[in-house]
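S.K.: What follows is a predicted protein model with its sequence.
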There are 2 protein chains.
Amino acid sequence: MQIDHAHLLSFLLLLGLIIAAAKAAGWASLRLGQPAVLGEILAGVLLGPSLLNVLEWPLFRGAGLGPVVAHLANLGVLFLMFIAGLETDLGQMRRVGRVAAYAGTAGVFVPLGLGLLVALPFGYALQTGVFFGIVLAATSVSITVQTLIELGQLESREGTTLLAAAVIDDVIAIVVLSVFVALAGAGGGGLAGAGIVAVRMAAFLAAAVALGAWGLRRALVRSQRVPVSEGLLAFTVVAVLLYAWGAEALGHVASITGAYIAGVLVTEAGFREEIEHRLRAFTYAILVPVFFVSIGLQTDIRMLAMRDLPFAVLVIVAAVAGKVLGCGGGALAGGFSRAEALRVGVGMVSRGEVGLIVAGIGLGSGLLDARGFAVAVLMVLVTTLLTPVLLRATFPGRPLTEAEAVARVMGEEDG
Amino acid sequence: MQIDHAHLLSFLLLLGLIIAAAKAAGWASLRLGQPAVLGEILAGVLLGPSLLNVLEWPLFRGAGLGPVVAHLANLGVLFLMFIAGLETDLGQMRRVGRVAAYAGTAGVFVPLGLGLLVALPFGYALQTGVFFGIVLAATSVSITVQTLIELGQLESREGTTLLAAAVIDDVIAIVVLSVFVALAGAGGGGLAGAGIVAVRMAAFLAAAVALGAWGLRRALVRSQRVPVSEGLLAFTVVAVLLYAWGAEALGHVASITGAYIAGVLVTEAGFREEIEHRLRAFTYAILVPVFFVSIGLQTDIRMLAMRDLPFAVLVIVAAVAGKVLGCGGGALAGGFSRAEALRVGVGMVSRGEVGLIVAGIGLGSGLLDARGFAVAVLMVLVTTLLTPVLLRATFPGRPLTEAEAVARVMGEEDG
């Protein structure tokens, strides 16, 4: 693993540039009354191949820094979802279980249907059309989580429902994806393979929860007493990494879902404050900005040919409408008011990295061509940019400053 | 910067493995009465090409994870040196200025002479012999800093002297390296080039300190008030990254020296507590263990041919004796007692990543052959492993637990 020392150096400059750009853009975004996360993603678009293309600057070109940024960004989204798990009130989540199940289920099948409906008139085969629908069924609430934290609404009834519905959505969407890839023969396993996937998902989720309920508290207490520096945090980080890895590698669930479950379990074990206190600052100062910027760094918005624009616009409309109508309709059917249901639907619009992963599977297995993939990437970017704006418009209040957000959390803990 | 999603996943497992191995080995090391850092480096040797060779396991092979580990490790050593800077008492450093200047200067020239003396009888040319001496003149106090923190001695008179002497050592050694490479014609610049290097070093150090004294406090206050999340820490991290990058890219000083200076300046600006509080946990739980393990991951101790062993043993003896006699002798001449001078000398024995960088420059410019490079790498590893053991033997007391170390720092701040 010898590495050119000059590459180590140039990464320091790149990382400084990314963090500075993210925070400056986040601040500008707040001044315009929008959530900071919107500015941070736009900073990535600015730095990425669409405009400035920093990774190809002579200073950075050939240093292989793209993958390093991607790995740091991946740690960022995992810790973000872990912190969301820490902040989850499991009692409240049980109370919203029924409505979340409705929202999560309808939130998969309505976008799936709309995606198919949009793709067929544009000359795509039935198989590709269904796959487009599956791409639209994916969801990633990491952007929503960040926005709700800024709005001070993560622990609201809608916020809790969103998080529960996202887990259900993730599980159903991946079952559908696995069954479809198996049926289309691209995955190699056939229907039996899809059955195995479903069994592995169930086994992983059961084992993850059982392990957390059984030994986590004792292990955390133990790691706190070991005299190595930061034993408690080190143990927790290892647990988060293994849960995230295991979720996808063993259980076929998204790795962010694994990290989220780890957070819920740590809070249930009574270690929320100690861990959040230690992890939060570094995560929000460094890793999360890298994640938001990396979304733009991965995307070249100019690659979309003009002739694809009508199709792309329709796909984006279907993506937004599918989640708002599906999740929102599900929430309405589950007993939420119209305003609450709209907020839940809007919060599920963002596809984030999960959408990119599903589109990547399509490209890799030949179920999606390069043109379809480009449209999918644009859809992910636009829905991700829209989500903070839509949440800001539908939730009451204005973005909180960090100090206010902290004060609110502390106040709740006292009460 | 598209990256295979499977590589992101396997990195999670590798990172979890590295942190778990480091902390477990650190704990075992403490139980044997040795500093934890010794165990953490040995964990890296165990995981590295010398024994288990994890990076070549089927799970990780071909995923390009080596550079990612190296970049995280580099962030780890920079934050470690930044925290050492935060903990530096500039008043006390001024009081030890004279003795540190003696120790730092003699600590360059004595190892240089010993290295030359050892290399010549083994058939190396004069030029290569001098370069061997320069490799032995390098120093890296990152391992010493960590060990002194564990021993509760970082802010002792010897600890402060060590840190000041290390900065002086770094500057002199790099001037000598630059002049020599220029004279040997390998760097291309000739003696004029070496002059330019010296001017750039002086200009960088003056500009870095002036910038810190002039605007840092105002900038930190400002960044604290900006309503983005963790604005103060984000700004500080950007400053550390730019100081570390600028030190080497603009000023020809080691990047760890730049990070250390940034820490001294932040403490002088009155922000020590706020920053250390936010940065410490993550740095010690994740980045620093990755740094210590990465030292072993970079080293294959089996690559040393048996016929090189006598030479390697002599080089290691010269490396240890050079620093103990040079730095220790300098400290003695500066007025320290024998016990104090011995501690200063022992603390400078570790060559760490700075030794590897200098050896790499030698290999790249043809001043060192592959055999000489292998010996230099072994010397770095052995001196790095020896340093915690020697410090433990020469400083009073036993390794503190984290809780005791924190209590001590808090107590000092109250007093």
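M.R.: Now that the structure is in, tell me what you want to look at.

S.K.: Around chain B, pick out the residues from the stretch 201-350 of chain A.
M.R.: Residues of the stretch 201-350 of chain A found near chain B, taking Cβ under 8 Å from any Cβ of the partner chain as the criterion, are A:226-231, A:233-235, A:237-238, A:241-242, A:244-245, A:248-249, A:255, A:278-286, A:289, A:294, A:297-298. Quick note: C-beta positions are derived from backbone N, CA and C, even for glycine.

S.K.: Now do the nearest residue to A:L367 once chain neighbours are set aside: how many residues are near it, please.
M.R.: What sits nearest to A:L367 in space, not counting adjacent residues and going by Cβ to Cβ, 6 or more residues apart in numbering or on different chains, is A:F131, at 4.4 Å. The criterion is other Cβ atoms under 10 Å in any protein chain shown. On that basis, A:F131 has 30 neighbouring residues.

S.K.: tell me the contacts of A:F131?
M.R.: A:F180, A:A184, A:G362, A:L367, A:L368 (Cβ atoms under 8 Å, 6 or more residues apart in numbering or on different chains).

S.K.: Which secondary structure element is home to the closest residue to the second one other than its chain neighbours?
M.R.: Translated: A:A184. The shortest distance from A:A184 to any residue other than its chain neighbours is 5.8 Å, reached at A:Q127 (Cβ to Cβ, 6+ apart). When secondary structure is defined using DSSP states H and E, the element that contains A:Q127 is helix A:126-137.

S.K.: do the same with A:L265
M.R.: Secondary-structure assignment from DSSP H and E places A:L265 in helix A:255-268.

S.K.: average pLDDT for that helix?
M.R.: The predicted model assigns helix A:255-268 a mean pLDDT of 92.

S.K.: what angle do the helix or strand following that helix and helix B:272-282 make?
M.R.: Where DSSP H and E defines the elements, the next helix or strand beyond helix A:255-268 is helix A:272-282. Between the direction of helix A:272-282 and that of helix B:272-282, the angle (axes from the mean of the first three to the mean of the last three Cα atoms, to 10 degrees) works out to 110 degrees.

S.K.: Mind giving me the packing neighbours of helix A:272-282?
M.R.: The contact analysis (3 or more Cβ pairs under 8 Å, 6 or more residues apart in numbering or on different chains; DSSP states H and E) places helix A:272-282 against helix A:65-86, helix A:231-249, helix B:272-282.

S.K.: Please list the residues outside that helix that contact it.
M.R.: A:79, A:82-83, A:86-87, A:224, A:230, A:232-233, A:236-237, A:266, A:413, B:230, B:233, B:278-279, B:281-283, B:285.

S.K.: Convert the C-alpha atoms of it to CSV, please.
M.R.: These are the backbone C-alpha positions of helix A:272-282, laid out as CSV (Å, rounded to 0.1, in the frame of the first residue of the first chain):
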residue,chain,number,x,y,z
ARG,A,272,-27.5,7.8,23.3
GLU,A,273,-26.0,10.8,25.0
GLU,A,274,-22.5,9.5,25.5
ILE,A,275,-22.2,8.4,21.8
GLU,A,276,-24.0,11.3,20.1
HIS,A,277,-21.9,13.8,22.1
ARG,A,278,-18.7,12.2,20.9
LEU,A,279,-19.6,11.5,17.3
ARG,A,280,-21.7,14.5,16.3
ALA,A,281,-19.1,17.3,15.9
PHE,A,282,-16.7,15.5,13.7
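
S.K.: Enumerate the positions of that helix that are buried.
M.R.: For helix A:272-282, a neighbour-count test (16 or more other Cβ atoms under 10 Å in any protein chain shown) marks A:R272, A:E274, A:I275, A:E276, A:R278, A:L279, A:R280, A:A281, A:F282 as buried.
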